[in-house]
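K.L.:
Any chance you could fold what I've pasted below:
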Amino acid sequence: MTSRSRLIVSASLVWLSPLSADIVSRPAASLSLTDDAVDAVVADTTDLTVLANDTTTDAGDYVLTVSATSDQGGTLTAIGDVVRYAAPTSLAEGATDSFTYTVTEEGLANASGTFAAQASDQTAAGDTFVDPGNGGTYTVTTTSGFADTVWDGVQYSSANVGGGIDTSSLYRYIIQPDLSADIAVCPAGLAPQIDVTIRWNLTKIAGNAAGYEASIARGTAFPLASDFPADQHERENNWPVNETRELVLTLADLTPDDVNNLRIGLWAQDAQSSAPGDENDWRSNSVAISYDIDTSNCPPVSSTATVTVTLIPPPDSDGDSIIDKDDLDDDNDGIADALEQQQGADVDTDGDGVVDRLDLDSDNDAITDLQESGADGLATLDTDRDGRIDGAVGSNGMADAVETGADSGVANFTLADSDTDGVADFRDLDSDNDGIPDVTEAGAPSDQDADNDGRLDGAAGTDGLVDALQTQPDVGGYDLNADGTTDHAPDTDEDGVADFKDLDSDGDTIPDLVEAGGDDEEPAAGDGRVDGFQDDNGDGFDDGVAAVPLTTPDTDADGQPNFQDVDSDGDGVSDAEEGLTDADGNGVPDYLQASGRIETGLSGGGCTVRTSAGIDPTLGVLALMAMAALYRRRAKPTRRR
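P.N.:
Below you'll find the predicted structure:
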């Protein structure tokens with residue numbers, strides 16, 4: 001009778017997991033550093049982004065280092081990816097200095113860990129195979145789903161192992177980890193050294209203690225002791241029933257290629273003879289793999305570059321002879337730098353590459369910040385309309401004309417927020433919240449805001465103004481109508497309030513919001529501002545109107561939009577006179593209905609007088625006068641000869 005054996009996988013076991021998730025490494029790294037030529041301010045500290053033009057391919061984490069002093073005695077400090085350079089006081093404007101910096105890859109960290117190699121799934125148990133030697137059927141109780149492993153059901157007996165061992169059969173279980181995705185060659189063909197340890201804990205639950213019992217071996221060949229060096233094979237013999245043992249095999253100094261091709265065989269003998277009842281039954285309790293990675297054989301990559309520094313004068317952005325670091329108003333727009341920054345940090349509201357403290361139009365709405373600042377007497381403050389205050393500045397860099405006293409540093413005006421929405425006018429795309437963006441109320445050509453986002457399109461110069469709308473780039477203010485002279489924001493009704501903050505720009509008693517095609521809750525007595533104002537992005541423009549812009553019509557097509565046109569329908573009757581009434585009840589307010597126009601015979605159409613309500617009531621009076629004149633003519637006596 002052929003002996004039978006069982007290998008039972010306990011419910012407490014965990015299935016094999018690939019090592020790749022646990023081992024962290026990197027491919028061969030390279031560094032390419034480029035020499036730099038940079039400017040630094042005389043007798044000042046400058047942060048130099050020396051790595052901006054360098055390449056660190058696959059280098060992982062790296063460290064920037066620099067010597068303590070430059071060639072000319074400047075002070076150097078590496079801060080992250082930046083070198084902070086403090087120029088020596090002995091160097092004047094135009095002088096040069098130099099230093100070198102080094103980038104070194106952080107060495108690969110040694111790694112180690114242990115993870116379980118089996119799981120407790122007991123489904124799909126039962127693989128059967130036939131002993132090639134004696135034809136008996138053997139059942140292995142195991143499960144499907146061993147990740148990256150194969151229980152191949154191969155049996156070995158005296159019939160197919162060349163008589164190497166006198167047993168009925170052996171069971172083989174193969175562990176096949178895959179680390180190819182995570183371990184790669186170090187620079188110069190070097191590689192980390194990897195130790196892998198396999199621990200197999202199992203219990204013999206039936207059988208006699210005799211001879212070869214179980215083993216772990218590198219590879220898939222039959223584990224004869226003569227076939228393996230001692231460090232490639234571990235065997236347990238003479239195993240008593242009901243005894244639990246742990247087989248431990250450590251494979252040392254493996255290369256990544258070794259690990260990638262690694263196969264581990266777990267072998268359990270089913271019997272010492274073919275005698276009936278002489279079988280071994282086993283329970284596999286756990287299989288675990290631990291690893292250690294020694295990266296000392298992988299030297300880190302390192303490279304060095306040289307930086308040449310040219311000393312330049314400190315910036316004076318507004319040309320007032322007060323350098324920016326001592327200037328309270330770097331662009332001289334009347335708004336203190338502290339108000340144009342946020343918590344001491346520069347911001348660039350319009351995203352044009354010029355920070356607000358240097359930008360003469362921080363929101364790019366075609367109106368200079370000075371005009372939107374709220375300062376009094378703009379006509380005299382900026383006579384050349386270049387967006388900077390004319391006249392004297394004190395030693396603090398702020399114009400005396402906008403201070404409570406010379407060098408007081410305290411503004412004599414309140415920063416304007418015309419619609420009280422919490423966004424200052426100089427950053428607000430709709431300063432009066434009438435639904436018409438400031439860029440439109442400023443009179444900018446419509447094609448200069450093609451995307452209708454309330455900001456001018458086109459590149460801005462160093463002054464923050466869009467170059468295409470200046471007479472010369474970075475010279476003077478905006479020339480929106482291209483007449484060769486710079487413009488102030490229009491004040492259509494000349495009431496002293498510029499249109500961008502005037503709710504009735506043309507003074508016709510009809511709110512701009514209504515004339516632009518919007519709705520006001522109560523048009524006749526509304527507040528002229530967008531109802532239900534919502535501004536999630538903080539640009540001062542109602543989100544709903546921004547998504548669906550108002551049409552800002554020009555009813556009589558005279559080139560003047562209705563909100564700036566005192567006679568929107570061109571009928572000769574002012575909008576102020578016609579108002580929002582709808583005399584004929586046709587749903588069109590009189591100020592938009594071109595009727596009531598007087599036509600005379602001179603125009604070739606006879607003489608008519610009509611209004612939106614029909615026949616003008618004065619026509620009857622005219623008819624009576626005509627009849628009286630005809631009667632008088634007929635009643636006059638005829639002269640005889």
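
K.L.:
Hmm, Q341 and D356 touching each other?
P.N.:
Yes - the pair D356 / Q341 is scored as a contact, 7.2 Å apart, by C-beta atoms under 8 Å. C-beta: built from backbone N, CA, C; applies to glycine.

K.L.:
residues contacting D451?
P.N.:
By C-beta atoms under 8 Å, 6 or more residues apart in numbering, D451 lies in contact with D457.

K.L.:
and it, backbone torsions?
P.N.:
Main-chain torsions, D451, degrees, to the nearest 10: phi -90, psi 0.

K.L.:
my guess is D474 contacts T462, does it?
P.N.:
Yes - shown here, D474 and T462 form a contact pair, counting by C-beta under 8 Å, at 5.5 Å.

K.L.:
Quick check: the gap between D327 and G394.
P.N.:
10 Å (C-beta to C-beta, to the nearest Å).

K.L.:
can you check I216 too?
P.N.:
As judged by C-beta to C-beta, I216 and G394 stand 86 Å apart.

K.L.:
Neighbour count: the two, which is higher?
P.N.:
Counted by other C-beta atoms under 10 Å, I216 and G394 do not tie: I216 has more neighbours, with 24 against 17.

K.L.:
To which secondary structure element type does the more buried one belong?
P.N.:
Secondary structure, DSSP: H, G, I helix; E, B strand; the rest coil: I216 is strand.

K.L.:
Beta-bridge partners for it, please?
P.N.:
E234, L266 (DSSP bridges).

K.L.:
which stretches of the stretch 101-250 of the chain have low pLDDT?
P.N.:
Scanning the stretch 101-250 of the chain for pLDDT under 70 picks out 106-191, 209-212, 220-230.

K.L.:
Which parts of the protein are helices?
P.N.:
In the chain, the segments counted as helices under DSSP state H are 256-260, 337-340, 369-372, 378-381, 438-441, 512-515, 543-547, 575-578, 618-635.

K.L.:
Contacts for the second one, please.
P.N.:
It stands for helix 337-340. Helix 337-340 is contacted from outside by 327-330, 344, 347, 355-357, 359, 362, 415, 424, using C-beta under 8 Å, 6+ apart.

K.L.:
As JSON lines, the residues you listed with distance to D567 would be great.
P.N.:
JSON lines is the format used below for these (distance: C-beta to C-beta, whole Å):
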{"residue": "D327", "distance to D567": "49"}
{"residue": "L328", "distance to D567": "48"}
{"residue": "D329", "distance to D567": "43"}
{"residue": "D330", "distance to D567": "46"}
{"residue": "G344", "distance to D567": "52"}
{"residue": "V347", "distance to D567": "44"}
{"residue": "V355", "distance to D567": "45"}
{"residue": "D356", "distance to D567": "40"}
{"residue": "R357", "distance to D567": "44"}
{"residue": "D359", "distance to D567": "39"}
{"residue": "S362", "distance to D567": "36"}
{"residue": "L415", "distance to D567": "37"}
{"residue": "A424", "distance to D567": "35"}
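
K.L.:
quick check, nearest of those to D384?
P.N.:
Proximity of the contacts of helix 337-340 to D384 (C-beta to C-beta) peaks at D329, which lies at 17.6 Å.

K.L.:
Apart from its chain neighbours, what residue comes closest to the closest one?
P.N.:
Once flanking residues are discounted, D329 sits nearest to M398: 4.7 Å by C-beta to C-beta, 6 or more residues apart in numbering.

K.L.:
Likewise for V82?
P.N.:
Once flanking residues are discounted, V82 sits nearest to D47: 4.9 Å by C-beta to C-beta, 6+ apart.

K.L.:
Kindly report the same for T96.
P.N.:
T310 (5.3 Å).

K.L.:
how about the one you found, what does it touch?
P.N.:
Taking C-beta under 8 Å, 6+ apart, we find T310 in contact with A37, V38, D39, A40, G94, A95, T96.

K.L.:
Using TSV, lay out the residues you listed together with neighbour count, distance to P490 and pLDDT.
P.N.:
Shown next, in TSV, are the contacts of T310 (neighbours: other C-beta atoms under 10 Å; distance: C-beta to C-beta, whole Å; pLDDT from 0 to 100):
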residue	neighbour count	distance to P490	pLDDT
A37	11	47	93
V38	16	45	92
D39	10	42	92
A40	23	45	92
G94	10	47	93
A95	14	51	95
T96	13	51	95
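
K.L.:
Neighbour count: D356 and Q341, which is higher?
P.N.:
D356 (27 against 14).

K.L.:
quick one: pLDDT of the more buried one?
P.N.:
At D356, the predicted lDDT confidence score is 98.

K.L.:
One more: G405?
P.N.:
G405 is assigned 94 on the pLDDT scale.

K.L.:
And for it, the neighbour number?
P.N.:
G405 has 10 neighbouring residues, counting by other C-beta under 10 Å.

K.L.:
try T383
P.N.:
If you count neighbours by other C-beta under 10 Å, T383 ends up with 10.

K.L.:
give the contact list for it.
P.N.:
T383 is in contact with D390, counting by C-beta under 8 Å, 6+ apart.

K.L.:
For it, give its distance to D519.
P.N.:
Taking C-beta to C-beta, one finds T383 at 41 Å from D519.

K.L.:
got it, and D39?
P.N.:
Distance of D39 to D519, computed by C-beta to C-beta: 55 Å.

K.L.:
go on, P88?
P.N.:
Using C-beta to C-beta, P88 is found at 67 Å from D519.

K.L.:
same question, A366
P.N.:
Counting by C-beta to C-beta, the gap from A366 to D519 is 26 Å.

K.L.:
So these two - more neighbours on which side?
P.N.:
A366 (29 against 12).

K.L.:
need the contact list for that one.
P.N.:
The contact partners of A366, taken as C-beta under 8 Å, 6+ apart, are D438, V439, A442, G443, A444, Q448, L456, V466, L469, Y478, L480.

K.L.:
just checking, the second one touches D428?
P.N.:
No - counting by C-beta under 8 Å, V439 stays clear of D428, with 11.5 Å between them.

K.L.:
With neighbour numbers in mind, choose between those two.
P.N.:
Neighbour tally, V439 and D428, criterion other C-beta under 10 Å: the higher count belongs to D428, 31 against 26.

K.L.:
Spit out the contact partners of the more buried one.
P.N.:
If a contact means C-beta under 8 Å, 6+ apart, then D428 has D363, E372, D417, S418, D419, D421, D438, D539, G540, F541 as its contacts.

K.L.:
next one: G435
P.N.:
By C-beta under 8 Å, 6+ apart, G435 lies in contact with D512, L513, A516, G518, V530, D542, V545, L550.

K.L.:
now the residues you listed as CSV including pLDDT and distance to W239?
P.N.:
Below are those laid out as CSV (pLDDT from 0 to 100; distance: C-beta to C-beta, whole Å):
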residue, pLDDT, distance to W239
D512, 96, 97
L513, 96, 94
A516, 96, 94
G518, 92, 91
V530, 94, 87
D542, 96, 83
V545, 95, 85
L550, 95, 90
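
K.L.:
and of those residues, the nearest to V573?
P.N.:
D512 (19.9 Å).

K.L.:
And that closest one, how close does it get to F533?
P.N.:
Distance, D512 to F533, using C-beta to C-beta: 15 Å.

K.L.:
between those two, which one's more packed in?
P.N.:
When D512 and F533 are compared for neighbours, D512 comes out ahead with 28 against 17, by other C-beta under 10 Å.
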